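*Asks:* Kindly generate the corresponding structure for this input.
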Amino acid sequence: LVRESTDVLVIDGEAESLRRKLRDQTLKNVHLESNLLRTEVSLHQREEDIRGLEERNLRLQNEVKQLRMASSKAIKQFERRTKEANMKLSEMNSELSKAQEHAKRFQDLLANERRKQKALQHTIEVGLHHQSKTKGDGLTPAAQKAYLDTLSETLQSSKPHSTMRIDDVVRKQEAVLVENANLKADIRKLRIENT
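*Replies:* Numbers count the residues shown, from 1 in each chain. Below you'll find the predicted structure:
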C-alpha cells in the first residue's frame, strides 16, 4: 500500500510537473502567437504606409511634370513676348530716326526760308530806298529780278516737301517716343517676371 501510494505520489508529481511544463509551454506559445500577430499587424500597417507613399510619390511626380510643362510654356511665352517687344522697339527706333531726319530736314528748310526771307526783305528795302531817291515808280529792274529769283527758289524748294507738315512730324516723333518708353517698360516688366 505504501508502495502504491508512493507510486501514485510519483505519478501525481510527474503529472503535476508535466502539467506545469505544458502550461509553461502553452504560455510561451500564446506569447509567441501574440508576438507573431503583432508582427503581422505591424507588417500589414507598413505595407499600407508603403502603398500610400507610392501613391503620394506618383501624385507628386505628376505635379512636377505639370509644373515643368507650365514653366516651359511660360518661358516660351516670355521669350516670344520679348522677341516681339524687341522687334517693335526696333521698328519704333527706326520710325523715330526717320521722324528725326524729317524734323531736321524741315528745320533746315525753315532756316533756309528765313534766310531767303531776310534776303528778299533786304532786296525790297534796297529797291524802295533806291526808288525813294529816284522818285520813280516800283522797284528797280535789279530789285525786281532779285525778288523774282528769291520767290522762284522758295517755290521750287518747298514743292517736294509740301506733303508733310512740321506739326505732323513733331506729333509723330512724340508718339514714337511715348511708345518706345512703353515698350522699354514692358521689357523691364517681362524680365522681372522671368526672374
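
*Asks:* neighbours of residue 27, just the number please.
*Replies:* A count of nearby residues for residue 27, using other Cβ atoms under 10 Å, gives 10. Any C-beta I mention is one placed from the backbone N, CA and C, and that applies to glycine too.

*Asks:* Looking at the chain, which helix is longest?
*Replies:* helix 2-134 (DSSP state H).

*Asks:* For that helix, give the mean pLDDT please.
*Replies:* Across helix 2-134, pLDDT averages out at 83.

*Asks:* Can you report how many residues neighbour residue 103?
*Replies:* 15.

*Asks:* quick one: residue 117 from residue 110, how far?
*Replies:* Noted for residue 117: a distance of 10 Å to residue 110, by Cβ to Cβ, to the nearest Å.

*Asks:* Ok, residue 191 next?
*Replies:* 42 Å.

*Asks:* same deal with residue 40?
*Replies:* Taken as Cβ to Cβ, the span from residue 40 to residue 110 is 102 Å.

*Asks:* Likewise for residue 86?
*Replies:* Residue 86 sits 35 Å away from residue 110 when distances are taken as Cβ to Cβ.

*Asks:* And for residue 180?
*Replies:* Using Cβ to Cβ, which is the criterion applied here, residue 180 is 25 Å from residue 110.

*Asks:* Among the two, which residue is more densely surrounded?
*Replies:* residue 180 (17 against 11).

*Asks:* What's the local residue count around the nearest residue to the more buried one once chain neighbours are set aside?
*Replies:* Among residues not flanking residue 180 along the chain, residue 92 sits closest, at 4.7 Å (Cβ to Cβ, 6 or more residues apart in numbering). Burial of residue 92 is recorded as 20 neighbouring residues (other Cβ under 10 Å).

*Asks:* and if you look at the one 10 residues further on?
*Replies:* The number of residues packed near residue 102 is 18, by other Cβ under 10 Å.

*Asks:* Next: residue 183.
*Replies:* 20.

*Asks:* next one: the one 10 residues further on
*Replies:* Neighbour count of residue 193, defined by other Cβ under 10 Å: 10.

*Asks:* What separation is there between the closest residue to it other than its chain neighbours and residue 188?
*Replies:* Leaving aside its chain neighbours, residue 193 sits nearest to residue 78 (7.0 Å; criterion: Cβ to Cβ, 6+ apart). According to Cβ to Cβ, residue 78 stands 13 Å off from residue 188.

*Asks:* These two: which is more packed in?
*Replies:* Using other Cβ under 10 Å as the criterion, residue 78 and residue 188 rank with residue 78 on top: 14 against 10.
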